[in-house]
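S.K.: With the sequence up front, the predicted model follows.
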Amino acid sequence: MFDRVKQNTTTTGTGIYTITGTPPDGYRSFSNASAAYNTRVGTTSFPCPCLVRMGSVYELGYYYFTSPDQLARGFVVSSSNADAAVSWAAGTKTIEIVPIALSMSAIGGRNGYIEGDVNPSVNDDASKGFMPGSTWFSNGVLWLCKGNAVAAASWVSTDQVLRTGAGGYIYALLGVDDDPYPRTDASQSRVFYTDGNVQSSRSTDLVGHELTTDATTFQVPIKISQGTTSIRGTVIARRNSDGAAKLFNLNVQVKKGVSTFPAIFGTTTVAMVAEDASMSATTVAFTVDGATTPLYMEFTGIAATDIRWSWDLRAHEVYIGSGV
């Protein structure tokens, strides 16, 4: 966050904002502000909350510096275009750094976020104001943000296995079924330790959404544990302009050994169950890159078209981890 930063932009369409003009009295320029944080220029890990406005048309969201006088969209919080990115007409707009309500609950990033039954996903990232250390409470579980890379955020829940530096494992549960709130007394929490690996199982909801604007394939990483994982669920693709949609049913199985990379096995099903004809070009697929732990769910949209993708998946894992 930078104080007293305000200038103009004449950018049109939905491209990167190029900053122009002299700051008003009492304000400083975006290039001056970015100079103080030059290590963050060109990264998406330091979102900059801004308001862009021309008359009654506005866009409020998180942006990041691509150069000292250019800002790219990270995530649009609200706008006069139904909370989507504004395609700007010609003219001079004001652009200034402002506080955004959803990031005000904690200095340094969004924190203490409560979302009844939706767990955080890889897309709850820096573009939405989350920082390493941000917390999220849902389904009676407290989540901690470990990494906030855009579209690859890492969250860990208090009922997941954490690897210790000594080569062992810690399993911590800060609540029970009828009392899901975090304990304040360490003696009341359930903490167990084991040096070895034992087999266990769990089911996890994978819920999220993303916007594509062209036909470039977009990847959503899904981290795979050692063991066997079955993922099933639905994906909906919906075009913003007219509501045309396509619905997919998904079923994929993945195996990962202790020292091997994940591999898809068996039959992967990506079945279209409902479709508007104009959405036929949209596709969903699964792939692994053979060099890292994620499985990738891939979305392919339509050229020059805003499509909102939403997924609701259930992952059932039988994995090699820790025991209680």
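M.R.: Ah, there it is. Numbering: from 1, shown residues only.

S.K.: For T260, see how far away the residue nearest in space to the middle of the chain is.
M.R.: Against the mean C-alpha coordinate of the chain, by CA atoms, centre = their mean, the closest residue is N123 at 1.1 Å. Noted for N123: a distance of 28 Å to T260, by CB to CB, to the nearest Å. Yep, even glycine has a C-beta here, placed from its N, CA and C like the rest.

S.K.: for S127, same thing?
M.R.: The value you get for S127 to T260, if CB to CB is used, is 33 Å.

S.K.: So those two - more neighbours on which side?
M.R.: For S127 versus T260, neighbours defined as other CB atoms under 10 Å are more numerous around S127 (23 against 10).

S.K.: looking at this, the more buried one is in a strand?
M.R.: No. Applying DSSP: H, G, I helix; E, B strand; the rest coil, one finds S127 to be helix, outside a strand.

S.K.: Hmm, the residue nearest to the centre of the chain is touching F218, no?
M.R.: No. At 10.5 Å, N123 does not count as touching F218 under the criterion of CB atoms under 8 Å.

S.K.: between those two, what contacts are shared?
M.R.: 151, 210 (CB atoms under 8 Å, 6 or more residues apart in numbering).

S.K.: Just the CA atoms of stretch 75-94, as PDB, please.
M.R.: Output of stretch 75-94 as PDB, limited to C-alpha atoms (Å, rounded to 0.1, in the frame of the first residue of the first chain):
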ATOM      1  CA  PHE A  75      -8.300  -8.900  -9.600                       C
ATOM      2  CA  VAL A  76     -11.300  -6.700 -10.100                       C
ATOM      3  CA  VAL A  77     -13.200  -6.300  -6.800                       C
ATOM      4  CA  SER A  78     -16.100  -4.100  -8.100                       C
ATOM      5  CA  SER A  79     -16.900  -2.000 -11.200                       C
ATOM      6  CA  SER A  80     -19.600  -0.200 -13.000                       C
ATOM      7  CA  ASN A  81     -19.400  -3.100 -15.500                       C
ATOM      8  CA  ALA A  82     -21.200  -5.600 -13.300                       C
ATOM      9  CA  ASP A  83     -18.000  -6.100 -11.300                       C
ATOM     10  CA  ALA A  84     -16.000  -7.200 -14.400                       C
ATOM     11  CA  ALA A  85     -13.100  -5.500 -16.100                       C
ATOM     12  CA  VAL A  86     -14.100  -2.200 -17.700                       C
ATOM     13  CA  SER A  87     -13.400  -1.800 -21.400                       C
ATOM     14  CA  TRP A  88     -12.500   1.900 -21.400                       C
ATOM     15  CA  ALA A  89     -13.600   4.300 -24.000                       C
ATOM     16  CA  ALA A  90     -11.300   7.200 -25.100                       C
ATOM     17  CA  GLY A  91     -10.700   9.900 -22.600                       C
ATOM     18  CA  THR A  92      -8.700  10.800 -19.500                       C
ATOM     19  CA  LYS A  93      -9.300   8.700 -16.300                       C
ATOM     20  CA  THR A  94      -8.000   9.300 -12.800                       C
END
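
S.K.: Perfect, I'm done here.
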